[in-house]
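Visitor: Got a predicted model here, sequence first, then my questions.
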Amino acid sequence: MANFGVYIQVPFCQTKCTYCNFHTGVVSPGRFAPYAAAVGREIGDHRPLLESAGVTMASAIGPQAQSVDTVYIGGGTPSLLEPELLTSMLDALRANFECSFTEVTLEADPETIDAEKAAQWAAAGFNRISFGTQSFVDEELKAAGRMHRREDIYRAVPILRTAGIRNISFDLIAGLPKQTHASWRTSLGEAMALSPEHISIYMMEIDEGSRLGLEVLQSGSRYSARDLPSEEAMAEFYELAQVELRAAGYIQYEISNWAKPGRESRHNLKYWRREPYLGFGAGAHSFSGTQRWANRHDAAAYVAAISEGKSAIDTVDTLTPALALEEEFFLGLRQLSGIDLGHIEHEYGVSLRETVGKLASRGMVEAHGNNLRLAADKLSVSSEIIVELLRSVQVAA
Ligand code: SF4
């Protein structure tokens, strides 16, 4: 029996971080319960709602009965919601799907965690907490508009451990305003010393849709745009992380992700392996293997549509072979284990060996039999390598 993942989006935050361009809002807590109820209803009515948007369950997750094995509740800051509301979402899944949960992740911000909540999360079935640590340096956290401080991280981790959470992931951002080589070393070192099972490192992306991005364009100073590290410094932060995390026993399995052996994110692996997942909530995306669809972003419009028994799906895209092949490279090659060249050539009727040979001779990729992967020291130029691979093949658009 094949399994699929479920992603639930909670698009609410306490404040807006300066660098954030996500579709999340700061709303009154009074809106949390109606939102959770809408998610529960969308899960309960998923068959007719999908069909009304032109997606059948069979085409969504395959013709055979399958079960949900991974769940990821992300945001936003889903840990803001009362635990009962998060529990109701998992209960709705259990009531409407065959479930064999192996990994149930909740995204949480350190300042939102207390012992009572953590115990309720564990009792509800959450067994993995993805923790928005971002930095261990208060000056950087403050400049980025984060709500938590270093001491919140040290307070929250033992609370989670006491509650029985055995799988914790930290997020760190390389490239925050005011970050220096010394402060990056501090954040990395403190993160590793707390021994989370998993660490994600994201390179700061400056988007003009964020307050910080706008300030970069306008040369302002309110959000510390002038204190952003250079691109060279960010590349050095990333390289330092690769070295230090390896030395501490973390295995890099994806461009942005490191895990202790066996602690890779099972849910996120589905995204890179192009395995099916259903998304619920405002802005949530789904993937069937042949189609991608997404709910509308606006949380109020989402709740209104679902409450009226209407689909909240905004876009449905059927992948052409050319787009699917692009995804195989852009998603698959993010994994350090690489992709199966034989499968790609057979599935898309393309021949890649000559281009792969040339790229390998320049040290850009490593090819062994049917396995193709990016060279470990070329991860930062993955897009350029993939574009070169794609240029060499012709697939029906
Ligand atoms: S907590 Fe995350 S989603 Fe919310 S504003 Fe900050 S970066 Fe954006």
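Guide: Nice, thanks for sending it over. Owing to the predicted nature of the structure, the values given are computational and were not obtained by experimental measurement.
Visitor: quick one: least confident helix or strand in this protein?
Guide: helix 57-61 (a mean of 64; mean pLDDT, DSSP states H and E).
Visitor: Distance check, the spatially most central residue of the chain against Phe170.
Guide: By C-alpha atoms, centre = their mean, the chain has its centre lying nearest to Asn268, at 6.5 Å. Plainly put, Asn268 is 14 Å away from Phe170 if you go by C-beta to C-beta, to the nearest Å. From N, CA and C alone the C-beta is placed, and that goes for glycine too.
Visitor: residues touching Glu232, list them.
Guide: Contacts for Glu232 (C-beta atoms under 8 Å, 6 or more residues apart in numbering) come out as none.
Visitor: Whichever strand or helix holds it: how far from the chain's middle?
Guide: Secondary structure assignment for Glu232, by DSSP states H and E: helix 231-247. The chain centre lies 21 Å from the centre of helix 231-247; the measure is C-alpha atoms, centre = their mean, to the nearest Å.
Visitor: Ok, stretch 343-359 next?
Guide: Distance, stretch centre to chain centre, for stretch 343-359: 29 Å (C-alpha atoms, centre = their mean).
Visitor: Buried residues, that stretch. List them.
Guide: The neighbour-count check on stretch 343-359 (16 or more other C-beta atoms under 10 Å) flags 344, 348, 350, 352, 355-356, 359 as buried.
Visitor: biggest separation within those, which pair?
Guide: Using C-beta to C-beta, the buried residues of stretch 343-359 span at most 17.9 Å, a distance reached by Tyr348 and Leu359.
Visitor: Report the backbone C-alpha coordinates of the helix holding Glu232 in CSV.
Guide: Extracted C-alpha coordinates of helix 231-247, given in CSV (Å, rounded to 0.1, in the frame of the first residue of the first chain):
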residue,chain,number,x,y,z
GLU,A,231,26.8,37.4,-0.8
GLU,A,232,30.4,36.2,-0.4
ALA,A,233,30.0,36.2,3.4
MET,A,234,26.8,34.2,3.1
ALA,A,235,28.5,31.6,0.9
GLU,A,236,31.2,31.3,3.6
PHE,A,237,28.6,30.9,6.3
TYR,A,238,27.1,28.0,4.3
GLU,A,239,30.4,26.4,3.7
LEU,A,240,31.3,26.7,7.4
ALA,A,241,28.0,25.1,8.3
GLN,A,242,28.7,22.2,6.0
VAL,A,243,32.1,21.6,7.7
GLU,A,244,30.9,22.0,11.3
LEU,A,245,27.7,20.0,11.0
ARG,A,246,29.5,17.1,9.3
ALA,A,247,32.1,17.2,12.1
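Visitor: Now do the contacts for Arg155.
Guide: Contacts of Arg155 by C-beta under 8 Å, 6+ apart are 110, 113.
Visitor: That one is in what secondary structure piece?
Guide: Applying DSSP H and E, one finds Arg155 within helix 150-162.
Visitor: Check which element follows that helix along the chain.
Guide: With DSSP H and E, the next secondary element past helix 150-162 is strand 168-174.
Visitor: And the helix or strand following that following strand, what's buried?
Guide: Counting by DSSP H and E, the element after strand 168-174 in chain order, helix or strand, is helix 181-193. For helix 181-193, burial by neighbour count (16+ other C-beta under 10 Å) applies to 183-184, 186-188, 190-192.
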